[in-house]
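Colleague: below is the structure, and that's it, no one-letter string:
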């Protein structure tokens, strides 16, 4: 945690946000507050899309996955003094406690939904036509994520059929679907019929789970 420690020693307030996706669909006020500061994230493209899709532009987004620690600190005018000023055991324990509290495991439904990268999207509508769960809508020739909570958990299928790679699932494990810069799934052969069949089976299974069958005597 060199970056956060250096920022705190320089007088900055550092806040860890464990689930920005959940904030994006539950609290516009919190998102506006976060947008008024500099956001450091592993996948800036995903974070930028989360904000832009609710009409916000962060003060700045810094890539901490691909940037070196010293370069990141220097970009905001902070000189890392960790070599000259040793962090005390108390301050380190406080930092560890902050992280532990911020990233407590949660129960319940995960905030899993697609985000559209507007810089790539050409509103072709393939995601809208493919999705069986009513996540997308078409309004004034523009594709919107209208019902994010309708999305099937851990299903990134619509991102795979997007020709522009404009659909982002921030919690997916591989790029470019998670907004990363690498094409970790570029070699996959995409069978749209198989993807659609999987989505249809999931939809039918969900429908059956909501039907009560009464046994006749």
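Modeller: Alright, I've got the coordinates. If you're wondering where the values come from, they're calculated on a predicted model, not measured in any experiment.
Colleague: neighbours of residue 120, just the number please.
Modeller: 16 (other CB atoms under 10 Å). Just so you know, the C-beta spots here come from the backbone N, C-alpha and C atoms, and that holds for glycine as well.
Colleague: break this structure down into its domains, please.
Modeller: 2-102, 115-209 (automatic domain parsing).
Colleague: rank those domains by pLDDT, which is bottom?
Modeller: Sorting these by mean pLDDT places domain 2-102 lowest, at a mean of 81.
Colleague: and that one, how far out from the chain middle?
Modeller: In terms of CA atoms, centre = their mean, to the nearest Å, the centre of domain 2-102 is set 15 Å apart from its chain centre.
Colleague: spit out the contact partners of the closest residue to residue 41 other than its chain neighbours.
Modeller: In this structure, residue 41 finds its nearest non-sequential neighbour in residue 47, 4.4 Å apart by CB to CB, 6 or more residues apart in numbering. Neighbour list for residue 47: 20, 39, 41, 58, 61, 170, 179 [criterion: CB atoms under 8 Å, 6 or more residues apart in numbering].
Colleague: how about residue 179?
Modeller: By CB under 8 Å, 6+ apart, the neighbours of residue 179 are 43, 44, 45, 46, 47, 49, 115, 117, 168, 170.
Colleague: let's see if you can find the most crowded of those residues.
Modeller: Using other CB under 10 Å as the neighbour test, those are led by residue 168, with 28 neighbours.
Colleague: phi, psi for that residue please.
Modeller: Main-chain torsions, residue 168, degrees, to the nearest 10: phi -120, psi 130.
Colleague: so it makes contact with residue 178?
Modeller: Yes. Residue 168 is in contact with residue 178 according to CB atoms under 8 Å; the separation is 6.8 Å.
Colleague: which residues are common contacts for the two?
Modeller: In contact with both residue 168 and residue 178: residue 46, using CB under 8 Å, 6+ apart.
Colleague: now do the SS call for residue 61.
Modeller: Per DSSP: H, G, I helix; E, B strand; the rest coil, the secondary structure class of residue 61 is strand.
Colleague: skip the chain neighbours and tell me the closest residue to it.
Modeller: residue 44 (4.5 Å).
Colleague: residues in contact with the one you found?
Modeller: Residues in contact with residue 44, defined by CB under 8 Å, 6+ apart, are 61, 62, 63, 179.
Colleague: can you show me the strands along the protein?
Modeller: With DSSP state E as the criterion, the chain has strands at 38-41, 60-63, 115-116, 136-139, 142-145, 167-168.
Colleague: in a markdown table: these, plus distance to residue 4.
Modeller: Listed next are the strands of the chain as a markdown table, based on distance: least, CB to CB, whole Å:
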| stretch | distance to residue 4 |
| --- | --- |
| strand 38-41 | 9 |
| strand 60-63 | 13 |
| strand 115-116 | 26 |
| strand 136-139 | 37 |
| strand 142-145 | 31 |
| strand 167-168 | 25 |
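Colleague: on that earlier part again, distance of the residue nearest to residue 41 relative to residue 161?
Modeller: Distance, residue 47 to residue 161, using CB to CB, to the nearest Å: 24 Å.
Colleague: do residue 49 as well
Modeller: 18 Å.
Colleague: isn't residue 75 right up against residue 62?
Modeller: Yes. Taking CB under 8 Å as the definition, residue 75 is a contact partner of residue 62 at 6.6 Å.
Colleague: thanks a lot, catch you later.
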